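1. Here is a sequence with its predicted model. Questions after.
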Amino acid sequence: MTASTETRKFEAEVAQVLHLVTHSLYSHKEIFLRELVSNASDACDKLRFESIAQPELLAGEGELHIDVSWDEKARTVTVRDNGIGMSRDEVVANIGTIASSGTRRFLEAMSGEQKADARLIGQFGVGFYSAFVVADKVTVLTRRAGAPEGEGVKWESDGKGEYSLDQVELGERGTTVIVHLKADEDEFLKRWQLSSLIRKYSDHVAFPIRMPVEKDGQPTDEWETVNDAGALWTRPKSEISDEDYVSFYKSLGHDFNDPLAWTHNRVEGTQSFTTLLYLPAQPPFDLMMGGRDERKGLKLYIKRVFIMDAAEELLPNYLRFVRGVVDADDLPLNVSREILQHNRQLDRIKAACVKRVLDLIEKLARDEPEKFATFYKAFGNTLKEGIAEDANNRERIAKLLRFASTRSEGAGPTVSFDDYIGRMKVGQDAIWYITADSYAAAAGSPQLEAFKARDIEVLLMSERIDEWMLGSLSEYDGKKLKSVAKGDVPLDEADRKKQEEVAKAAEPLLAKMKELLGDRVGDVKVSARLTDSPSCLALSDYEMAPHLARLLREAGHDMPESKPTLEINPQHPLVQRVEAEADADTARDLAMLLLDQAEIAAGAQLPDPAAFVQRMNRVLLG
């Protein structure tokens, strides 16, 4: 070390990441090369984009490229690019620290059941650290394009808590990463192994990846390109194999899994562009977390020049799981994010991307039900966001949704709205559903009893997003969506007359229940919903489901206080016991328990759990 060497400690979270990465990815060691090559490709992309406005940044070396070499004596693997490079501050920001929000989620995942899941690497900006899986020391030499030769930076660390920084003289721009291999990692000192990994993971990186030509088992000064180095999406579909598409996806998306499906299209005309869009088989770890700034599902190219990760400009938020590229011919190369947000041409491209993705999902649903089931398990809840976000495609999205129902087997979402409508009873004019915070709560709700007795199918909606989604989906194919917990139960004339007679006869009981329950309830009514249970809650048409109100309240939202309407079954022995009970205190305990159990079944929060326990004990002890 020189006198100018500065030694710094890693952030605590970086140290944790290093420990987990080096101890958890032993079965995926080769990932380090994919990540370093990917970083090098990004650096070349960034330089090519910046050079549009500043051509002088490309002065010096020829075409942008990535070099991978090895040295058996020194036991090193070196990945070098002549891309944008980094300043000293950028080195500290990009290597010495990690964005804490992403890191925390990464740490939680790697510490849990998935700690050996290499798919998580790369999704949180921690791909560089995978080098320490095979290295006992990593050296980085870098100089930013346009900076003087004397402003080169040397970064070095053994990955055990500290790193050193030096200012050095570097004649060429770009970044060199030297991986000093551990004693038992000899496999990465073989040219055939390195070149096969490049072809496996990085064949479709759009820059030449070069390696030294080997002669008599030793590297020479002659270099050859070992990857395809072409923009795959620009080739005719007839020339691209499924293996090519899969390989490109893996290099694009930092994913070890094969994609579930893809669509590749070229649009010609007044506006020409190419799209290559993939559906992953599994969701990215942070799909339901984080903000739009973390969304990097699609890459925007203009005439094969990478412009930016622009997911939100190219696809709506509810399709954020889609991966791929969009290459436009007609947008200006000096486009900025601000221009993108107000660009009519891009609006047309975005509409085309949405159509292609929905076409692809519909094709899966129609032709490959097993793949569609895999897709829906991973992304069904995300797709539901489109009901509120995308009014133009609401009907198409609704057609793709699946739910459990009182006719389906198990909790799996297998029933579509079209399936439901095809089974509707003669004279039925509504799609009936129930929302709850679990499948068991929905399937066991007392509010279903009258519908089961009349053989009316009910959709069981048990995801947290369902109640929110239904605020934007009041009907489907001309049929109203109605909650079994809200409004009136559908009765024929005979049943309606019988219901009125029962309610008339129960008026003294209802008056007694209202007096016993006091201000705990807004009203007490005779239920048309119940056949077996003693009580349930009923909601007005615009009232929020109790389980959702509870969740929002727990999340810190101010929720308006509302008094529930209790519905009772006068034929049930527990209700009859209230009616017959002469002791006011016992009658009050029984009435309160009928309300308590109705609230529990509806997913509401009991206002006083301790009082509920005491009431229950008094009644049990008699």
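-> Nice, I can see it.
2. going forward, measure contacts between C-alpha atoms and count neighbours the same way
-> Fine.
3. Ile456: how many residues sit nearby?
-> Residues within reach of Ile456, counting by other C-alpha atoms under 10 Å, total 18.
4. ugh, wrong one, Arg173
-> Other residues close to Arg173 by other C-alpha under 10 Å number 27.
5. Mind listing residues that contact the helix or strand that contains Ala378?
-> Using DSSP states H and E, Ala378 falls within helix 369-389. When contacts are defined by C-alpha atoms under 8 Å, 6 or more residues apart in numbering, helix 369-389 is touched by residues 260, 279-283, 288, 316, 318-319, 321, 361, 364-365, 393-394, 397-398, 401-402, 463, 465-466, 469, 471-473.
6. Buried ones only from those residues, please, as a PyMOL command.
-> Applying 16 or more other C-alpha atoms under 10 Å to the contacts of helix 369-389, the buried members can be selected in PyMOL as follows:
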select buried, resi 260+279+280+281+282+283+316+318+319+321+361+364+365+394+397+398+401+402+465+466+469+473
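7. In three-state terms, label the nearest residue to Lys425 once chain neighbours are set aside for me.
-> In space, and not counting its chain neighbours, Lys425 is closest to Ile456: 7.1 Å by C-alpha to C-alpha, 6 or more residues apart in numbering. Secondary structure state of Ile456, per DSSP: H, G, I helix; E, B strand; the rest coil, is coil.
8. residues in contact with the closest residue to Leu574 other than its chain neighbours?
-> The shortest distance from Leu574 to any non-neighbouring residue, by C-alpha to C-alpha, 6+ apart, is to Pro534 (6.5 Å). Residues near Pro534 by C-alpha under 8 Å, 6+ apart: 568-570, 572-575, 594.
9. What distance do you get for Pro534 to Lys525?
-> For Pro534, the distance to Lys525 (C-alpha to C-alpha, to the nearest Å) stands at 12 Å.
10. Please measure how far the first residue of stretch 162-175 sits from its last one.
-> 21 Å.
11. Doesn't Arg210 belong to a strand?
-> Yes - counting by three-state DSSP, Arg210 is located in a strand.
12. Report the spatially nearest residue to it, omitting neighbours in sequence.
-> Counting by C-alpha to C-alpha, 6+ apart, the residue nearest Arg210 is Thr225, at 4.2 Å.
13. what pLDDT does that neighbour get?
-> Per-residue pLDDT puts Thr225 at 94.
14. burial count for it?
-> 17.
15. ok, now Gly412?
-> By the criterion of other C-alpha under 10 Å, Gly412 has 14 neighbours.
16. three-state assignment of it?
-> Here Gly412 is coil, with the state taken from three-state DSSP.
17. Tell me how far it lies from Gly422.
-> Taking C-alpha to C-alpha, one finds Gly412 at 19 Å from Gly422.
18. again, but for Trp262
-> Distance of Trp262 to Gly422, given as C-alpha to C-alpha: 31 Å.
19. tell me the contacts of Leu36?
-> Neighbouring residues of Leu36 by C-alpha under 8 Å, 6+ apart: 79, 127-128, 131, 177.
20. ok, for Asp437, nearest residue in space, not its chain neighbours?
-> Spatial nearest neighbour of Asp437, excluding adjacent residues (C-alpha to C-alpha, 6+ apart): Ser462 at 5.1 Å.
21. For that neighbour, list the residues it contacts.
-> 435-439, 442.
22. okay, those residues in a markdown table with secondary structure next?
-> Formatted as a markdown table, those follow (three-state DSSP):
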| residue | secondary structure |
| --- | --- |
| Thr435 | strand |
| Ala436 | coil |
| Asp437 | coil |
| Ser438 | coil |
| Tyr439 | helix |
| Ala442 | helix |
